[in-house]
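> Can you look at this prediction? I've put the sequence above it.
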Amino acid sequence: MAGGVRRDDFTEAMKRDSYQYFWEAYEQKAPVYENIFDVVESNSSYEKFTTAIGMGDLVEKPEGEDLQADAPMEGYTVICKNRTFGRVARFSKESIEDSQKSNLIQQAVSSWGKAYLRTKEKFYAKFFNYGAMTAGNDVFNNTIANVIDDPTGNLIYDNKPFFSTAHPDKVGNTYSNYSASNSLTETNLRSVYLTMTSTNNRDERGNVVEISIDTLLIPPALKFTAQVLLNSTLIPGSADNDVNVLRGLVNPVEWSYLSDTDGWFLGKAKEGLMATNRQDPIIDSFQDEISLDYFITINCRYGGVVTNWRFWYANAIASS
């Protein structure tokens, strides 16, 4: 006898109840990743674009002479695939019929309501937790088998880790947005800020660009260190009564999903990182015609990618 699934008023009611329980359990507080990533809607299996560098500076044209020729340079190709996440819950025919249906479903689906947000937070935190790994990480690999190939594999678009000491541009220069040893101190915060705004503020053609820094991303363990650095009127630990120039410089953002308890990141919110939302959670239910068991499924689709490393700098995180 061939297997199959059966859908009737009972399983449709299970599905309706499941949506209700899911959204009742879903935490309404905005997740941290939405404050860090530029979240965009997507309507395909992947997004692909090439960063355009544009033209060089204008050149004065002496009277009677031709304008000097120029041509745009092409940057790097960036690919972002939409990944599918989901689960299935299985209930025996007897467990559904011999107990309160709503209790079983409510317990299972309510846990999904909480897990949905937790799963997304963990996924996007990987960009920081594994961003300095010299071997890269799958979170940066946007290959879809038989659809599109990501030539940089587990690295970002320039074939380097997200946080690297040797990011190349298109005209022979290299830059760093990573320090393995910088602890969160007044001196190091100043130094990294100046590096980002005075050294790394170049496009792929070497032209100066404006980079404004507004975010200090930290694990909870650095909460009070950050408060002292950013809220003190005078320089912390100094006996000279010098004004604390770091006061209010950037906004501290705590993220419980950062794995290095002493690691910290300086950056620009919603710049350099893109999160794609392809499909909100879909819940379905059916009954197997052979086992007579009931099934409830959930699936959603989203992705993420580094679009420009210059807007973030990592400190005191592991590289292997």
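Received the coordinates, thanks. Quick caveat, the model's predicted, so the values are computed rather than measured. Numbers count the residues shown, from 1 in each chain.

> From now on I want contacts and neighbour counts done on CA atoms only, so please keep to that.
Will do.

> partners of C80 in the sheet?
Note on C80: beta-bridge partners E47, judged by DSSP bridges.

> Do you have the helices of the stretch 51-200 of the chain handy? List them.
Counting by DSSP state H, counting those that start in this stretch, the stretch 51-200 of the chain has these helices, from start to end: 93-97, 101-129, 186-198.

> V78 is nearest to which of those helices?
helix 101-129 (15.3 Å; CA to CA).

> Now do the buried residues in that closest one.
Residues of helix 101-129 classed as buried by neighbour count (16 or more other CA atoms under 10 Å): 105-106, 108-110, 112-117, 120-121, 123-129.

> Show me what that helix is packed up against.
Using 3 or more CA pairs under 8 Å, 6 or more residues apart in numbering; DSSP states H and E as the contact criterion, the neighbours of helix 101-129 among helices and strands are helix 9-25, helix 33-36.

> what's stretch 190-208 in contact with?
Applying CA atoms under 8 Å, 6 or more residues apart in numbering, the external contacts of stretch 190-208 come out as 53, 56, 73, 75, 169-171, 173, 175-177, 209-213, 246, 266, 310-311, 313.

> Would you map the strands across the stretch 201-320 of the chain?
In the stretch 201-320 of the chain, the segments counted as strands under DSSP state E, counting those that start in this stretch are 215-218, 251-254, 264-267, 273-288, 294-306, 312-315.

> I'd like to check what contacts the second one. Which residues are they?
This points to strand 251-254. The list of residues contacting strand 251-254 from outside it, by CA under 8 Å, 6+ apart, reads 214-220, 223, 226-227.

> pretty sure G272 contacts V306?
Yes - using CA atoms under 8 Å, G272 and V306 qualify as a contacting pair, with a distance of 5.8 Å.

> Report the set of residues contacting both of the two.
What both G272 and V306 touch, as defined by CA under 8 Å, 6+ apart, is an empty set.

> So for the two, which residue has more residues nearby?
Remark: of G272 and V306, V306 carries more neighbours, 21 against 18, as counted by other CA atoms under 10 Å.

> Show me what that one is bridged to.
For V306, the beta-bridge assignment (DSSP bridges) gives partners L273.

> Is it in contact with E271, as I believe?
No - the pair V306 and E271 does not pass the contact test of CA under 8 Å, sitting 9.2 Å apart.

> Around D203, how many other residues sit close by?
19.

> swap in F162?
For F162, the number of neighbouring residues by other CA under 10 Å comes to 30.

> quick revisit: between which two of the contacts of strand 251-254 is the distance greatest?
The widest separation within those, taken as CA to CA, falls between D214 and P220 and amounts to 18.5 Å.

> Show me which helix or strand of this structure is least confident by mean pLDDT.
Ranking every helix and strand in the chain by mean pLDDT, DSSP states H and E puts strand 5-6 at the bottom, with a mean of 61.

> List the neighbours of stretch 306-317 that are in contact with it.
Counting by CA under 8 Å, 6+ apart, stretch 306-317 makes contact with 78, 128-129, 132, 140, 156-157, 162-163, 177-183, 192, 196, 200-201, 211, 213, 260, 262-268, 271-274, all of which sit outside it.

> go again using 6 Å as the cut-off
Surrounding stretch 306-317, the residues in contact under the criterion CA atoms under 6 Å, 6 or more residues apart in numbering are 177-182, 260, 263-268, 272-273.

> Which of the residues you listed scores worst on pLDDT?
Of all those, the model is least confident about S181, whose pLDDT is 92.

> which non-adjacent residue is nearest that one?
Of all residues not flanking S181 in the chain, A316 sits nearest, at 4.9 Å (CA to CA, 6 or more residues apart in numbering).
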